[in-house]
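Trainee: Dropping a prediction and its sequence here:
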Amino acid sequence: MLTSSTFFNINSVVKLPLIIFTALLYLSFGEFTFFLEKTNLVVAGMFIPEGISLAMGLLYGPWMALGVLIGQFLLAALNDTPYLTSVLLGMSNALCLLLALSIYRKYRINFSFDSFSDYAHLVLVSIFVQQALSALLGHFILFCTGEILATQVSSSVLSWWTANALACFLITPLILIFASKSESIFAYPGKLWVAPALILVLIFLRFDFLDTNLVDFPVFPFLLPLLAWIAFTRAFGLLLLTTVIGYSGIEYATAFGIGPLDAFGEFAFVGLNFISFGILLPIMFACILFKEKDKYEKQITELANKQTIRADNREKQLLGTLNALSKARDNETGNHIIRTQNYVLLLARQLKKNGHYNELLSPIFMHNLFQAAPLHDIGKVGIPDDILLFPGPLSAEKWKIMQTHAMIGEEILGSVIKSEGNITDTMVIAKNIAGGHHEKWDGTGYPRGVKGKKIPLAARIMALADMYDALVSSRVYKKAWTHAEAVAEIKKLSGSHFDPKIVKAFLQIKDTFKNINKKYQD
């Protein structure tokens, strides 16, 4: 965010190039304003250099006041003002700029124009403090040096004040708004480098610069590189292009008696003023509105991100708690959870690679599947120890009780989702896995005996992963099968116990399964 403390740093290093640049801007656009006023090509009564100098001061700090002093001195001197008066006028404008910058700094006014209140603060200080004082001091200097009569002061003060105030009202905000886009020179991508060339050609054609007498307009050599820089800076270039096209259209249409100025008759110059403000004001206010919109959208995005992070952290804490609960009552090892997590992720990726279940196997689904996998046997917390820890094959009666762990797990996770409001994709997948990973493709599994695609995909994937790990792991009541034996068994059960597409994916990556089993052995 751009703030007054960013701009106004009295300890900042003096940057001579910026001071010289500010002086040249002030001088060039001062002469440019005088020239265009004489040829009726720009808004009368708006002193552009004051708007530019205020923007430079806000952007680069109080040292730019020195550039204003130099620029004002040269501008006055080139227009036949005595040197002493020129120096005093330069000092007066520089001091008024420093005063305005100090006020901005004291009240920490924000110049990024995120709202209309920022714009109002800028206008109030610049118009009613800086420029009002500038007009009074300037005329006091002119009167004391004999450059103006007492009878001329009242009307001239008002003209001076309004000319400077209008520049701060219109030019300064536009520069600050576009400068905040951080556009750099040569910002046009690829072949769009022809855009600035087109802008410069239009300017030459519009104002007939090529035929301009350098005696009548001596600062043209300074203005030309400035216009080139503006054209090559994309944001300012677009503003310059629309302005040139707008004025060209107005002038040529008027020449044919159909333009908006034609209705003003002999007061066409006044009409041009109204139209100019009609062009500049909507551009400026539109920029501020867009900035304000961007500000609120950014705030909403940041709030949404915070809420997402908070929800993710809560989910991680909940999953961690449930995992700890599951491990406390599970007769499997911790490495079993790591292995099955990796197995299910490998299977999901291979299914995706094969073009199966693409509508379900999104990156988010696979991430959630990986996170949910450790909870597949959480229902074992409800199985009595004499059954859960029995060191051998279970009787038919005890096996029936053991089978209830699938429904118990589903009910536990369902209760967590319902009571805590944790309706996340991970928890839903965990619930589906817990209740369905013992179902079989042909419908002969438990607890519900559902078959085929009615079994959730996450549960079908876990069924194969859990079976493979159980086969290749040793238990007190059985020896571990070899990898080849486990692969043969799973292949044999394709279409009966397992989804054939998942078996196909498994056979394609069976060696990776073997490596994972070896890496995370008990």
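Mentor: Received, thanks.
Trainee: Quick one: the strands in the stretch 401-522 of the chain, in order.
Mentor: Assigned by DSSP state E, counting those that start in this stretch, the stretch 401-522 of the chain shows no strands.
Trainee: where along it do the helices fall?
Mentor: Remark: helices assigned in the stretch 401-522 of the chain by DSSP state H, counting those that start in this stretch are 405-420, 425-436, 457-472, 483-492, 500-508, 510-519.
Trainee: packing partners for the last one?
Mentor: The one in question is helix 510-519. helix 334-353, helix 457-472, helix 483-492 (3 or more CB pairs under 8 Å, 6 or more residues apart in numbering; DSSP states H and E). (C-beta placed from N, C-alpha, C; glycine too.)
Trainee: Worst mean pLDDT among those?
Mentor: Among the helices and strands packed on helix 510-519, helix 334-353 carries the lowest mean pLDDT, a mean of 92.
Trainee: send the alpha carbons of that one over as PDB?
Mentor: C-alpha atoms of helix 334-353 as PDB (Å, rounded to 0.1, in the frame of the first residue of the first chain):
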ATOM      1  CA  GLY A 334       1.900 -47.800  11.900                       C
ATOM      2  CA  ASN A 335       3.800 -48.700   8.700                       C
ATOM      3  CA  HIS A 336       0.600 -50.400   7.500                       C
ATOM      4  CA  ILE A 337      -1.100 -47.000   7.400                       C
ATOM      5  CA  ILE A 338       1.900 -45.500   5.500                       C
ATOM      6  CA  ARG A 339       1.900 -48.300   3.000                       C
ATOM      7  CA  THR A 340      -1.800 -48.200   2.300                       C
ATOM      8  CA  GLN A 341      -1.700 -44.400   2.000                       C
ATOM      9  CA  ASN A 342       0.900 -44.800  -0.800                       C
ATOM     10  CA  TYR A 343      -0.900 -47.700  -2.400                       C
ATOM     11  CA  VAL A 344      -4.200 -45.900  -2.800                       C
ATOM     12  CA  LEU A 345      -2.500 -42.800  -4.200                       C
ATOM     13  CA  LEU A 346      -0.600 -44.900  -6.800                       C
ATOM     14  CA  LEU A 347      -3.700 -46.700  -7.800                       C
ATOM     15  CA  ALA A 348      -5.700 -43.400  -8.200                       C
ATOM     16  CA  ARG A 349      -2.900 -41.900 -10.400                       C
ATOM     17  CA  GLN A 350      -2.700 -44.900 -12.600                       C
ATOM     18  CA  LEU A 351      -6.500 -45.100 -13.000                       C
ATOM     19  CA  LYS A 352      -6.300 -41.400 -14.100                       C
ATOM     20  CA  LYS A 353      -3.500 -42.200 -16.500                       C
END
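Trainee: what stretches of this protein score poorly on pLDDT?
Mentor: The chain contains residues with pLDDT under 70 at 1-14, 35-45, 110-116, 177-296, 307-321, 323-334, 419-423, 476-477.
Trainee: follow-up on the earlier one: ranking the helices and strands packed on helix 510-519 by burial, who's on top?
Mentor: Of all the helices and strands packed on helix 510-519, helix 457-472 carries the top mean neighbour count, a mean of 23, counting by mean count of other CB atoms under 10 Å.
Trainee: residues of the helix or strand that contains Ala163 that come out buried?
Mentor: Under the criterion of DSSP states H and E, Ala163 resides in helix 150-179. Going by neighbour count (16 or more other CB atoms under 10 Å), the buried part of helix 150-179 is 156-157, 160-179.
Trainee: Check stretch 391-406 too.
Mentor: Buried residues in stretch 391-406, defined by neighbour count with 16+ other CB under 10 Å: Lys398, Ile401, Met402, Gln403, Thr404, His405, Ala406.
Trainee: Could you pull up phi and psi at the nearest residue to Asn335 once chain neighbours are set aside?
Mentor: Nearest non-adjacent residue to Asn335, counting by CB to CB, 6 or more residues apart in numbering: Tyr520, 4.5 Å away. Phi and psi for Tyr520, reported as degrees, to the nearest 10, are phi -110, psi 40.
Trainee: Surely Tyr520 is in contact with Gln341?
Mentor: No. Using CB atoms under 8 Å, Tyr520 is not in contact with Gln341; the gap is 9.6 Å.
Trainee: before we move on, the earlier item: can you tell me which of the buried residues of stretch 391-406 lies nearest to Ala132?
Mentor: Ala406 (82.0 Å; CB to CB).
Trainee: Roughly how far does the closest one sit from Phe390?
Mentor: Separation of Ala406 from Phe390 (CB to CB, to the nearest Å) stands at 18 Å.
Trainee: now do Ile20
Mentor: Relative to Phe390, and taking CB to CB, Ile20 is found at 90 Å.
Trainee: and if you look at Cys144?
Mentor: Cys144 is 110 Å from Phe390, by CB to CB.
Trainee: Adding distance to Gly57, write the helices of the stretch 401-522 of the chain out as TSV.
Mentor: Below are the helices of the stretch 401-522 of the chain laid out as TSV (distance: least, CB to CB, whole Å):
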stretch	distance to Gly57
helix 405-420	56
helix 425-436	54
helix 457-472	62
helix 483-492	76
helix 500-508	67
helix 510-519	65
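Trainee: To Pro447, which of the ones you listed lies closest?
Mentor: helix 405-420 (4.6 Å).
Trainee: List the contacts of that closest one.
Mentor: Under the contact criterion CB atoms under 8 Å, 6 or more residues apart in numbering, helix 405-420 has outside partners 318, 322, 375-383, 422-423, 427-428, 430-431, 434-438, 446-447.
Trainee: Can I get it in CSV? Just the C-alpha atoms.
Mentor: Coordinates of the C-alpha atoms in helix 405-420 are reproduced here as CSV (Å, rounded to 0.1, in the frame of the first residue of the first chain):
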residue,chain,number,x,y,z
HIS,A,405,-16.1,-52.7,12.4
ALA,A,406,-17.0,-51.4,8.9
MET,A,407,-20.4,-50.0,10.0
ILE,A,408,-19.0,-48.8,13.3
GLY,A,409,-16.3,-46.8,11.5
GLU,A,410,-18.8,-45.3,9.1
GLU,A,411,-21.1,-44.3,12.0
ILE,A,412,-18.2,-42.8,14.0
LEU,A,413,-17.1,-40.6,11.1
GLY,A,414,-20.7,-39.8,10.2
SER,A,415,-21.3,-38.6,13.8
VAL,A,416,-18.1,-36.5,13.6
ILE,A,417,-19.3,-34.9,10.4
LYS,A,418,-22.8,-34.2,11.7
SER,A,419,-21.9,-33.0,15.2
GLU,A,420,-18.9,-30.9,14.5
